[in-house]
Structures are given as structure tokens and as C-alpha cells.
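> predicted structure and sequence below. I'll ask about it afterward.
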Amino acid sequence: MPFDIDVAFARLTSFMPGYPRAAMFQLAEEGYRSPFEQLVSCMISIRTYDEVSLPVSRRLFARANTPQAMSELSVAEIEQLIAKSTYAERKAGQIWVIAQTIVQEHNGELPCDEAVMLGFKGIGPKCAHLALGIACKQPYISVDVHVHRVINRWGYVETKTPEKTTKALEDKLPKDYWVETNRLLMPFGKNVCKGQYPQCTSCPLVDMCPKIGL
């Protein structure tokens, strides 16, 4: 029997409010929802746990949360503000260049444009698509290891990498679920449908999940 994606999303919509939100959605809920804030905070989160990246992003944005304000900081100041993030020195330089470029080439406002975002050093499809989905309400899927694992464990797609999962979902998943995939499946995979020791007994999908790979 094919996996019923509609039922799965309906159940997770009711179930997941009991768990911490995915980092980018948590920041949006707090008001950090501009394309620039979302893009920068996603960069900060790379190779960094949410428990670290969230307060780091808040600290940086308390000092500068627009391209103009960020461009007026030095790279050293940005690095100091994001010091607890992994690769802080590299990220600080990239954030400063992004801010400068937006000020100089886009009148200080980051456009909701995939090509523009992907043109920045340090920004890949995951961060660009999260920013476009959350800040710009555009239908994009951002697949991390959690989304990749969950969607394959369900048997909804059969792929070997997050990149291939992204393409498979773009071909199969209804667009209404694209941003919801990020909002629901990232924390679901992190907290419930874990890579090791998944919490199947507390999962709302236990009666319909084929548990592929377990």
C-alpha cells in the first residue's frame, strides 16, 4: 500500500508543536523573518547545533539585522559576535561580503531571487531554499539529513543522498507541502525519527510507517 503523505502531514501538524521548532522557523516566529536575516542565520547554522546557532543569530541581529547595518561592522566584529558558531572566521567574512553586495547592487534589500542568493559564496541550495520558503513564501524544498532519512524511511522516495531526495520530492510531492517539509520533518527527524534509536513507540505514524532500513 502506498504511503499516504496527506495523512502523515496532517498527523505531524498536530503532533510536532510539542517539540522545538527547526531553527529557521523559530527565528521567523521571533520576528527574524526577512530574507537577509534568514539567509545569514542559515549560514551561521551550518555545521552548528541549533542550541548554539539560535543564540548566536540573536546576538548578531541585536547588533545588526539589515545589510546596511551589517556592512558597517568590521569582519572582526562579526566574527566576535558569531564566535561560537563553527567556522566563525570564514562565515564572518562571507556575511560581510554578502551585506556589502546587497547594499551596493540591490539598494540594501536582498531580493527573493534564487540566483542572487546562490551567487553568494558560502550559500548553497539548502540555505537559499530555506530563506526563499520562509521569508519569501516561495515553494522550495530544503533537504537536510533528517528530511532525507525520514522520507526514505517512509518509502515515499528511494534515494541515496539529500540532493537526490530534493529532486525526487520536487517531482512527486505536492507543492503545498514543500515548505511544510522543512518545518515539520527537520524537527521530527531530529527528535523522534532519529537515525539511531528512533522513538517509534511515541511516533504518531507508527501504524503506517514501513520502517524501511530499520
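Noted; the coordinates are in hand.
> name the residue closest to the centre of the protein, please.
Note on the chain: the residue nearest the mean C-alpha position is L130, at 4.8 Å, using Cα atoms, centre = their mean.
> just to check, it is in contact with R183?
No. L130 is beyond contact range of R183, at 10.0 Å (criterion: Cβ atoms under 8 Å). Quick note: C-beta positions are derived from backbone N, CA and C, even for glycine.
> give me phi/psi at the residue nearest to the centre of the chain?
The phi/psi pair for L130 (degrees, to the nearest 10) reads phi -60, psi -50.
> also M70?
Main-chain torsions, M70, degrees, to the nearest 10: phi -70, psi -40.
> re earlier: distance of the residue nearest to the centre of the chain relative to D6?
24 Å (Cβ to Cβ, to the nearest Å).
> following element in sequence after the longest helix along the chain, please.
Longest helix in the chain, counting residues (DSSP state H): helix 88-105. Sequence-wise, the next helix or strand beyond helix 88-105 is helix 114-118, with elements assigned using DSSP states H and E.
> quick one: residues in contact with that following helix.
Helix 114-118 is contacted from outside by 35, 39, 106, 110, 123-125, 127-129, 131-132, 140, using Cβ atoms under 8 Å, 6 or more residues apart in numbering.
> pipe these into a markdown table and attach neighbour count and distance to Y197 per row.
Below are the contacts of helix 114-118 laid out as a markdown table (neighbours: other Cβ atoms under 10 Å; distance: Cβ to Cβ, whole Å):
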| residue | neighbour count | distance to Y197 |
| --- | --- | --- |
| P35 | 22 | 37 |
| L39 | 26 | 34 |
| H106 | 14 | 46 |
| L110 | 25 | 40 |
| I123 | 20 | 33 |
| G124 | 15 | 30 |
| P125 | 17 | 30 |
| C127 | 24 | 29 |
| A128 | 24 | 33 |
| H129 | 24 | 29 |
| A131 | 30 | 32 |
| L132 | 22 | 34 |
| Y140 | 22 | 31 |
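> now, which of these lie within strands?
Of these, none are assigned to strands by DSSP state E.
> okay, those in CSV with pLDDT next?
Shown next, in CSV, are the contacts of helix 114-118 (pLDDT from 0 to 100):
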residue, pLDDT
P35, 98
L39, 98
H106, 98
L110, 98
I123, 96
G124, 93
P125, 91
C127, 95
A128, 96
H129, 94
A131, 97
L132, 97
Y140, 94
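> now intersect the residues you listed with the helices, please.
Judged by DSSP H, helices contain the following of the contacts of helix 114-118: 35, 39, 125, 127-129, 131-132.
> redo these as TSV? Include distance to C209.
What follows is those, written out as TSV (distance: Cβ to Cβ, whole Å):
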residue	distance to C209
P35	35
L39	34
P125	28
C127	29
A128	31
H129	26
A131	31
L132	30
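> greatest separation within the residues you listed: which pair is it?
Using Cβ to Cβ, the pair of the ones in helices among the contacts of helix 114-118 lying farthest apart is P35 and P125, separated by 15.3 Å.
> can you name the residues that contact S53?
23, 41, 44-45, 85.
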